[in-house]
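# I'd like to go over a predicted model; first the sequence, then the structure.
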Amino acid sequence: MKIKILFSALFLLSSISINAQQNKPKSQVKSTDIPRPKLVVGIMVDQMRWDYLYRFYERYSNGGFKRMLNEGFSCENAYINYIPSVTGIGHTTVYTGSVPAIHGITGNDWIIQETGKTMYCAEDTTVSTVGSNSKSAGQMSPKNMLVTSMTDELKLATNFRSKVISIASKDRGAILPGGHTANAAYWYDGSSGNWITSTFYMDKLPDWLINFNNQKYPEKYLKQDWNTLYPIETYIQSTKDDAPYEGKFAGMDRPTFPVKTSEMLKNGLGILTNTPHGSSLTLDLAKAAIDNEGLGADAITDFLAISVSSPDYIGHQFGPNSVEVEDTYLRLDRDLATFFNHLDSKVGKGNYTVFLSADHAVQHNSAYLADNKINTGVFESSNVLKQLNIVLEEEFKAKNIAKSFSNYAVSLNYEAIKSNALNESAIKNTCIAFLKKQAGVAFVVDIANVQNATIPAVYKEKIINGYHPERSGVIQIVLEPSWYSGSSQRSTGATHGTMNPADTHIPMVFMGWGIKQGKTNNPYNMTDIAPTITGLLRIQEPNGNIGRAVNEAINNNLD
C-alpha cells in the first residue's frame, strides 16, 4: 500500500513538472536534453562566384569572409545540380534541399505549359502590399513552391515556437527562403524606399520596422555617393575602370568612379540596390530584426534568412572583372564583419550557426573573353527564335509554334498545335534539327527522351533535375562553354543561367555552433546545405529533399 502511494505521488509530481514546463512562456523554457544553437543565420550572396572567396582574399578583413574560412568549414567544390542557374531556383534549392523537378520553382519566371501564360516565381495576386502604395510590389507569397523548406521544418519541429524572419532586397530572395510558415519576409520597394511585405504574412508592419523605414536610410546612403573603398590604383584584380565591358549608370557618360548617387536621387530610390549601399542596408535591417524580434534570445532555435541582392545587380551591369565588383565584395566583407560582431554581442559567439552560399555565380563577359583569345560567343536567342518560327511555319502552316527559349528550353505554343491538329513529335524533331545547326549550340535534347541522349551523364542529371512537366519547356538547349543567351548588340555586363562552372560553382561555408574548422575538396551540391542544417538541428529534412548532409563539417561532440 505504501509503495502504491509512493508511485502515485511520484507520478503526480512528474505530471505537475511537465505541465509547468509546457505552460511556461518561451523565454523560460529550457532545452537541455538536445543541444542546439540559439540562432541559425543563412546568408545568400546573389551572384557570388566561389572564386571570390580567394580572388580578393588578401584584401579582406579578418572579421568577414576570412573569419568564415578560418573559423568555419568550407566545401570548395560545391555546385548547382540543375539547369537553369538563376535566383529564384537557387534560393529555393538551398532552403529545400530539392530541385525544380520536385520543388516546382523552375526559373525566376516560367511558362505554364497548359495555358501558355507566364508565372513569376513569387507571384500571388490573392494577397496585397503592406508598407507601400505600390500595388504589385507586395502581391507576393511562397505559394508556388511545392515543398517545405528547412525553415518550415524548424517551425514544425518546435510546434511553431521558433521564429523565422527572412530579409532581402529582392522579393524572391526573401520569400522563398522563409518558406510557407515564416513569421515575416521583408523586401525592398524602390518606389518608396521602404522595406515591405504582403498580407500573406501580416496586415501591418511591426512598429520597429515602421520606425526603421522612417529613418530614411536609403536617402542617407545615396547622399554619400559611391567611391572606391581604397585608392583605385590598388584594385589590381580588376580591369581598368573605364573598360568597354561595363554598363553605364543612366545619366553618366562613362562607367567610372566616383558614382554620383547623390545626383541620381531625383530619379528615385530604386538605384540603391545597384550599389554596395544596398548590401549595407540589408544587413542593417538584419541587425534591427535580431534586436527587435529577440532572435536567438532564448533556448528555442530561431532562424534568420538573409539574401544580399546588390552584388547581382552590380555584376550584371559591370561584369565580374570590374573595379565595381571588386569594391562591392571588399565593402560586403566589411559589412559582414560588423554583422558577425553584432551576433557575437547579442546572441553570443558559439551560440549561433551561420552558413554562406550563393544562388548562382556568373560568366565572364563574352567580349572580355574574346579579347583575351578565349573561345566564346553569344547565342542570339531572339533572332534564332524568329528564324525557327519561320522554318516551322513553312513546314506546318501555322504561326508562332515555338513560344519561347526561356530558361534555355523551348516551350511550344500548344494552343496553335491543338487548333491546327499538328503533330508535336514532328514539331520537336524539326526544332531539334534546326537548333543543332546554330552557332554556340553544343547539344539539343528532347527532354522526354533525355535518358537516350548522347550527352555527358552530368548534363543528363542537371536536365532531369531542372525539368517540371507543368512548368518547363520540352526541348533543352545546351550551349558551348563560355557561350550564353543574349544579344551581341548588348556587349556590356555579364549574365548567368547555363551549366558552365562559371555559373554553377558556388561558395558553401559553415561557421559557428556545431561546425568544425577545415575544408574539403570532395564534391557537394547546392542541395546538401538543407540536410546539413536540419541534421545539425536534429529535425526532419524538408519533404522534397534529395541532398546529403556534409558530415565532414559537423562537430560530433555535441552531446
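Yep, that arrived.
# mind checking how far the spatially closest residue to Phe73 that is not a sequence neighbour is from Asn400?
Nearest-residue entry for Phe73: Ala553, 3.9 Å, with adjacent residues in sequence omitted and distances by CB to CB, 6 or more residues apart in numbering. C-beta here means a position set from N, CA and C on the backbone, and glycine is covered the same way. According to CB to CB, to the nearest Å, Ala553 and Asn400 sit 50 Å apart.
# between the two, which one's more packed in?
Ala553 (26 against 14; other CB atoms under 10 Å).
# quick check: that one touching Ala78?
No. Judged on CB atoms under 8 Å, Ala553 makes no contact with Ala78 at a distance of 11.3 Å.
# state the phi and psi torsions of the closest residue to Asn227 other than its chain neighbours.
With sequence-adjacent residues excluded and distances taken as CB to CB, 6+ apart, Asn227 is closest to Pro258, at 4.2 Å. Main-chain dihedrals, Pro258, degrees, to the nearest 10: phi -80, psi 150.
# surely Pro258 and Trp226 touch.
Yes. With contact defined as CB under 8 Å, Pro258 counts as touching Trp226 (6.6 Å).
# give me the more crowded residue out of the two.
Counted by other CB under 10 Å, Pro258 and Trp226 do not tie: Trp226 has more neighbours, with 25 against 11.
# can you give me the distance of that one to Glu233?
18 Å.
# and what of Leu304?
Leu304 sits 38 Å away from Glu233, going by CB to CB.
# could you do Gly138 as well?
Gly138 is 45 Å from Glu233, by CB to CB.
# one more: Thr376?
As judged by CB to CB, Thr376 and Glu233 stand 29 Å apart.
# ok, these two, which is more surrounded?
Neighbours around Thr376 and Glu233, counted as other CB under 10 Å, are more numerous at Thr376. The numbers are 21 against 8.
# for that one, give me the pLDDT.
Per-residue confidence (pLDDT) for Thr376: 96.
# tell me who's in contact with it.
Counting by CB atoms under 8 Å, 6 or more residues apart in numbering, Thr376 makes contact with His364, Ser366, Leu369, Ala370, Ser482, Trp483.
# any idea which of those is closest to Arg331?
Comparing the contacts of Thr376 against Arg331 with CB to CB places His364 closest, at 22.0 Å.
# hmm, the closest one is touching Gly315, no?
No. Contact between His364 and Gly315 fails when scored by CB under 8 Å: they sit 10.9 Å apart.
# can you give me the helices in the stretch 251-400 of the chain?
With DSSP state H, counting those that start in this stretch as the criterion, the stretch 251-400 of the chain has helices at 261-264, 277-293, 310-318, 323-343, 366-371, 381-396.
# those helices: which one's closest to Pro218?
Among the helices of the stretch 251-400 of the chain, the nearest to Pro218 by CB to CB is helix 277-293 (6.7 Å).
# relative to helix 310-318, how tilted is that closest one?
Interaxial angle of helix 277-293 relative to helix 310-318 (axes from the mean of the first three to the mean of the last three CA atoms, to 10 degrees): 170 degrees.
# check which residues of helix 277-293 are buried.
277-290, 293 (16 or more other CB atoms under 10 Å).
# do the same with stretch 35-51
Within stretch 35-51, the residues that count as buried by 16+ other CB under 10 Å are 36-50.
# which residues touch Leu536?
Leu536 touches Pro37, Thr353, Gly514, Ile515, Ile554, counting by CB under 8 Å, 6+ apart.
# cool, Pro218 as well?
For Pro218, the contact set (CB under 8 Å, 6+ apart) comprises Gly193, Leu269, Leu272, His277, Leu281.
# most widely separated two among the residues you listed?
Going by CB to CB, the pair spanning those furthest: Gly193 and His277, at 11.8 Å.
# okay, now Lys135: neighbour count?
For Lys135, using other CB under 10 Å, the count is 10.
# ignore the last one, Gln387
Gln387 has 14 neighbouring residues, counting by other CB under 10 Å.
# using PDB, write out every CA atom in stretch 432-447.
Taking C-alpha atoms only, stretch 432-447 is exported to PDB below (Å, rounded to 0.1, in the frame of the first residue of the first chain):
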ATOM      1  CA  ILE A 432      16.000  19.900 -82.700                       C
ATOM      2  CA  ALA A 433      17.300  19.600 -86.300                       C
ATOM      3  CA  PHE A 434      17.300  23.400 -86.700                       C
ATOM      4  CA  LEU A 435      18.800  24.300 -83.300                       C
ATOM      5  CA  LYS A 436      21.700  21.800 -83.700                       C
ATOM      6  CA  LYS A 437      22.900  23.900 -86.600                       C
ATOM      7  CA  GLN A 438      23.000  27.100 -84.700                       C
ATOM      8  CA  ALA A 439      26.300  28.700 -83.600                       C
ATOM      9  CA  GLY A 440      27.200  28.100 -80.000                       C
ATOM     10  CA  VAL A 441      24.900  25.100 -79.500                       C
ATOM     11  CA  ALA A 442      26.500  22.000 -78.100                       C
ATOM     12  CA  PHE A 443      23.500  19.800 -77.600                       C
ATOM     13  CA  VAL A 444      19.800  19.900 -78.100                       C
ATOM     14  CA  VAL A 445      17.800  17.400 -76.100                       C
ATOM     15  CA  ASP A 446      14.200  16.200 -76.300                       C
ATOM     16  CA  ILE A 447      13.700  16.100 -72.500                       C
END
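# next, the buried residues of that stretch.
Neighbour counts over stretch 432-447 (16+ other CB under 10 Å) mark Ile432, Phe434, Leu435, Gln438, Gly440, Val441, Phe443, Val444, Val445, Asp446, Ile447 as buried.
# do the same with stretch 509-519
Val509, Phe510, Met511, Gly512, Trp513, Gly514, Ile515, Lys519.
# now for these, which pair is the farthest apart?
Distance extremes for the buried residues of stretch 509-519: the farthest pair is Trp513 and Lys519 at 18.6 Å, using CB to CB.
# which one of the contacts of Thr376 is nearest Ala299?
His364 (47.8 Å).
# and the gap between Glu394 and Asp207?
Distance, Glu394 to Asp207, by CB to CB: 65 Å.
# what of Val130?
From Val130 over to Asp207 the distance is 13 Å, taken as CB to CB.
# just Leu285 next, same as before
With CB to CB as the criterion, Leu285 and Asp207 are 15 Å apart.
# now do Pro456
Remark: distance between Pro456 and Asp207 (CB to CB) = 55 Å.
# the two: which is more packed in?
Pro456 (13 against 9).
# what sits against that one?
Contacts of Pro456 by CB under 8 Å, 6+ apart: none found.
# what are the phi and psi values at it?
Dihedral pair for Pro456: phi -60, psi 140, per degrees, to the nearest 10.
# check Ser411 too.
Residue torsions, per degrees, to the nearest 10, at Ser411 are phi -100, psi 130.
# and His505, by the same measure?
His505 has phi and psi values of phi -90, psi 110 when expressed as degrees, to the nearest 10.
# wait, it sits on Met48?
No. Applying CB under 8 Å as the test, His505 and Met48 come out as separate, 10.3 Å apart.
# residues in contact with Ala409?
Ala409 makes contacts with Ile447, Ser472, Gly473, Val474, Ile475, Gln476, Ile477, as judged by CB under 8 Å, 6+ apart.
# same thing with Ile175?
So Ile175 contacts Ala122, Met140, Ser141, Pro142, Ser166, Ala185, Trp187 (CB under 8 Å, 6+ apart).
# helix, strand, or coil at Ser74?
Here Ser74 is strand, with the state taken from DSSP: H, G, I helix; E, B strand; the rest coil.
# any idea of the pLDDT on it?
For Ser74, the model assigns a pLDDT of 98.
# quick check: closest non-adjacent residue to it.
For Ser74, the spatially nearest residue (CB to CB, 6+ apart) is Lys519, at 4.2 Å.
# kindly report the same for Ile34.
Closest to Ile34 by CB to CB, 6+ apart is Arg538, at 5.8 Å.
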